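J.: after the sequence you'll find the predicted model.
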Amino acid sequence: MSNFKLKKIPNLAGVGLKAQHYKTILQETPKLGWFEVHPENYMGAGGPPHKYLTAIRELYPLSLHGVGMSLGGPSKRLDPEHLRRFKALKDRYEPWLISEHLAWSTHEGKFFNDLLPLPYTEETLNHLANHVDEMQSYMGKKVLIENPSAYLAYESSPYAETEFLDQLVKRTGCGLLLDVNNIFVSANNQGYDAYDYLDAYPVEHVEEIHLGGHSVELIEDDDLGIGKLLIDDHSSAVIDDVWGIYNRLIAKIGPKPSLIEWDGDIPEWPTLYNEAKIADGFMKKHVSTKVKS
Amino acid sequence: MASFKQIHKEFVAALLVPSAPIPKGLIAVKKPNITSRFAVYRNNVIVGLIAALKSNFPICFALVGDEFFKALAIDFIRKDPPTSPMLFEYGDEFALFISQYSPADQLPYLADIARLEIMWRNAYHAIDAKPLDITKIQQIDAKKHSNLTFKTHPSAAILTSDWPIYSIWQGHEDNNMLDIDLEVKQSILICRPNVDVLIANIDPAACIFYSAIMNGQSLGSAYEKAIKQDQNFDFNYCFGQLFALGLITDIVVEK
C-alpha cells in the first residue's frame, strides 16, 4: 500500500530541499521535477521536519541522498542503527532514488561530517563492495554511489577512480550518481583534465547527476607556485565550466534527473529555482539523445 | 602500503589536531603542498561541526559572539566529537562542558541556556502526539476530578534554574537582551503540541504542580503539593495552561 501518488523521478532538474524554503514551496508549488533531502536531517522522531517533508512529498517525487553511511569506513559492518533509521525513512517516504558516497566519515563511532578520501586498491574495493551489498540488501533497493571531490589522493591507488566505480557497479549492481562539480573540483585540485575523467567514466550507469557551486582558495604548491585550490562547499551558483561538463555528459547520455545542490549561504527560492531551469534548458537541447551502443 | 584500517586510523589522528603529522602516501599534483591540502579536510570537519553547534545553540552563540563561541566549540569538538551523523542532535554534553569551561566563568548562566536549547531541540524533534481539548475534562463528573491522572505530551519538559533563563530566551526572541535582571531565578515549561515549541515561565509552585502531573500523580495530589509550596498558588490559571500549552494528551479516569 503506497502513501504517495507520485513516485518516479522524471528526467528533469530537481532541487536539494532546505528548511527555509518549505513554506514558499508549499504556497507556490513551483513546476519542478523533484526534491532531494539528506536523510540524516529527518531522523528525528517527529516535529516540523516530518510535517513539511510529508506535505512536500505529496506534491513531488523524492530522492534520499545520504551523507553519513560511511560506506568507505573501516568497520566490517555498517552501523546497524543508521541502516535502520535510513530504511525507516525509505519506507515512510518512498523515494525513487537513494544514494551515498564513495567516501568515509565515521571512525570508531565518531562522525567527522566530511567525505574523506580512500585509496583505490583491491582491498578498498572488496571492503566497499561488501558495504554497498549490505546497504542495498538492507534497503531492498539499488543505491547510487557518488564520486567524491578531493583535495588529495592516495599514491597507492592502482585503480583510477573511474575504473574503481566501474568495478564497484560490476560487483554490486549499484548505480552511479555523477557529481559534475566534483569532477571539476577534483580535476583542478589533482591536475588532470575534467573531460578526460568524463571520457573514462562509465556513464552508462549514471542514474542521477549533481550540480553545485564551489569556492576558490589560493595555494602554493612546490612545483606550480601559487594556484587555485577549489573547495566543494555548495555555497554558490554553478559556474559555466561546470555547465560545460554537464552539457557534454547530457549530450552523451540524454536527460537524467539532475540536482541543484546549494547547502551553504542558501539563497532565496527564486535563485535556486532559476538554477534548476538552467539545467532543464540544457536537457531540452539533448532530449532526443540516446546512449551510444 | 598501510592496511585499510591503518589508513583510516592515521587520517583521523591528524584530522582534529592541527599539530599532528599528516598521513603518509598522499599526493595531488606533481609536488603538492600536502599540508595546505590536508588543511582543507581539517577545516571542513571543524567548520562543519562548529556550524552544527551554532545551529543547535543559537542563543549561546548570540550571548558570547563569534570569536568566543568558535574557541568554545573547537575545544568541545576535540573532546566530544559527534557519535552519529544526525547533527541536529549534536551537543548533548555541551551544557556540562560549558559549566566546566573556565573562560565562561563570567557567564554563569550560559550552561543553563545551553540546557534550554537542548530541551528546545528535543521538543522540536519529539514524537508527535495530539493534545487534548479542555472540553474533554468538562465532560467528566466534577467529583472525580481530583483523582484524575494524565498522559502528557512526549515533547513536554521542565527546566529549573538559578538564572533568568526565560527572560534571556525571550530577550533573544525579541532581539532585546538589555534590562535582564540577573538576580531573578526562573524555571520554564517547554512543550510542542503542534508545530511551534512553546515556552512558559513558571513560578516554583507551578513548577511543582506541572512536575507532579507529568510524573503521573493525580490532579488532587498535584494541587496539594503546589499549595503547600505557596498558598497563593493559582490553580485555575495553571490548570488552564495544562491545556493551553497542549501538555495533556489523555485523561485517565480511575475506575
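T.: Happy to help now that I have it.
J.: alpha carbons only for contacts and neighbour counts from here, please
T.: Noted.
J.: quick one: name the residues of chain B near chain A.
T.: Applying Cα under 8 Å from any Cα of the partner chain, we find that chain B lies next to chain A at B:1, B:4-5, B:8-9, B:12, B:25-34, B:36-38, B:40-41, B:44-45, B:48-49, B:81-88, B:124-128, B:194-195.
J.: filter those down to the buried ones.
T.: Among those, those scoring as buried are B:4, B:8, B:12, B:26-29, B:32-34, B:36-38, B:40-41, B:44-45, B:48-49, B:81-88, B:124-126, B:128, B:194 (criterion: 16 or more other Cα atoms under 10 Å in any protein chain shown).
J.: SS state for the residue lying farthest from the centre of chain B?
T.: Using Cα atoms, centre = their mean, the residue of chain B lying farthest from its centre is B:K30. It sits 49.2 Å away. Classification of B:K30 using DSSP: H, G, I helix; E, B strand; the rest coil returns coil.
J.: could you double-check that it lies in contact with A:N189?
T.: No - contact status for B:K30 versus A:N189: not in contact, 11.1 Å apart, counting by Cα atoms under 8 Å.
J.: got the residues of the stretch 1-150 of chain A near chain B?
T.: Residues of the stretch 1-150 of chain A lying near chain B (Cα under 8 Å from any Cα): A:40-41, A:43-49, A:67-68, A:73-74, A:107, A:109-114, A:116, A:123-124.
J.: try it again at 7 Å.
T.: Contact residues, the stretch 1-150 of chain A versus chain B (Cα under 7 Å from any Cα of the partner chain): A:40-41, A:43-48, A:68, A:74, A:109-114, A:124.
J.: and these, which of them are in strands?
T.: If you go by DSSP state E, the residues of the stretch 1-150 of chain A next to chain B have A:110-114 in strands.
J.: select from those residues the one having the most neighbours.
T.: When neighbours are taken as other Cα atoms under 10 Å in any protein chain shown, the top entry among those is A:F112 (29 neighbours).
J.: contacts only, for A:L12.
T.: A:33, A:255-258, A:280 (Cα atoms under 7 Å, 6 or more residues apart in numbering or on different chains).
J.: next, format those residues as CSV and append secondary structure.
T.: Shown next, in CSV, are those (three-state DSSP):
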residue, secondary structure
A:G33, coil
A:P255, coil
A:K256, coil
A:P257, coil
A:S258, strand
A:D280, helix
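J.: ok, so of these, who is nearest chain B?
T.: A:S258 (25.0 Å; Cα to the nearest Cα).
J.: what is the burial count for the closest one?
T.: 29.
J.: returning to what we had before: just the buried ones out of the residues of the stretch 1-150 of chain A next to chain B, please.
T.: With neighbours counted by 16+ other Cα under 10 Å, those contain buried members at A:40-41, A:43-44, A:46-48, A:68, A:74, A:111-114, A:124.
J.: surely B:H8 is in a helix?
T.: Yes - the assignment for B:H8 by three-state DSSP puts it in a helix.
J.: all helices for chain A, in order.
T.: Listed in chain order, the helices of chain A (DSSP state H) span A:22-28, A:48-57, A:80-93, A:122-139, A:161-172, A:180-190, A:194-200, A:240-253, A:269-285.
J.: okay, those, which one's buried deepest?
T.: helix A:180-190 (a mean of 23; mean count of other Cα atoms under 10 Å in any protein chain shown).
J.: which elements pack onto that helix?
T.: Helix A:180-190 is packed against helix A:194-200, strand A:206-212, strand A:225-231, helix A:240-253, with contacts defined by 3 or more Cα pairs under 7 Å, 6 or more residues apart in numbering or on different chains; DSSP states H and E.
J.: nearest to A:P61, of these?
T.: In terms of Cα to Cα, the element of the helices and strands packed on helix A:180-190 nearest to A:P61 is strand A:206-212, at 13.7 Å.
J.: so which of the buried ones among the residues of chain B next to chain A are in helices?
T.: In this view, these that belong to helices under DSSP H are B:4, B:8, B:12, B:34, B:36-38, B:40-41, B:44-45, B:48-49, B:124-125.
J.: I figured B:F243 hits B:I134, correct?
T.: Yes - counting by Cα atoms under 7 Å, B:F243 does reach B:I134; the two are 5.7 Å apart.
J.: what's stretch A:13-23 in contact with?
T.: Stretch A:13-23 has contacts (Cα under 7 Å, 6+ apart) with A:32-37, A:52, A:257-262, A:269, A:276, A:279-280.
J.: got it, and stretch A:142-157?
T.: With contact meaning Cα under 7 Å, 6+ apart, stretch A:142-157 is reached by A:98-103, A:117-121, A:136, A:174-179, A:182-183, A:185-186, A:189-190, A:232, B:1, B:25-28, B:37.
J.: show me the shaky parts of the chain.
T.: You didn't pick a chain, so chain A it is. Applying pLDDT under 70 to chain A flags residues A:1, A:288-293.
J.: could you do chain B instead?
T.: Chain B contains residues with pLDDT under 70 at B:1, B:255.
J.: all strands of it, in order?
T.: Remark: strands assigned in chain B by DSSP E are B:26-27, B:149-152, B:157-160, B:187-191, B:198-202, B:248-252.
J.: please convert these to CSV, extending it with distance to B:F94.
T.: Shown next, in CSV, are these (distance: least, Cα to Cα, whole Å):
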stretch, distance to B:F94
strand B:26-27, 35
strand B:149-152, 27
strand B:157-160, 16
strand B:187-191, 19
strand B:198-202, 21
strand B:248-252, 30
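J.: so which of those is the most surrounded?
T.: Across those, averaging neighbours per residue (mean count of other Cα under 10 Å) puts strand B:187-191 on top, at a mean of 23.
J.: now that one and strand B:198-202, what's the angle there?
T.: 150 degrees (axes from the mean of the first three to the mean of the last three Cα atoms, to 10 degrees).
J.: what's strand B:187-191 in contact with?
T.: Strand B:187-191 is contacted from outside by B:123, B:155-161, B:166, B:197-203, B:245, B:247, using Cα under 7 Å, 6+ apart.
J.: strand partners (parallel or antiparallel) of it?
T.: Under the criterion DSSP bridges, strand B:187-191 sits next to strand B:157-160 (antiparallel), strand B:198-202 (antiparallel) in its sheet.
J.: contacts for the longest one?
T.: If you take Cα under 7 Å, 6+ apart as the criterion, strand B:198-202 is touched by B:166, B:186-192, B:245.
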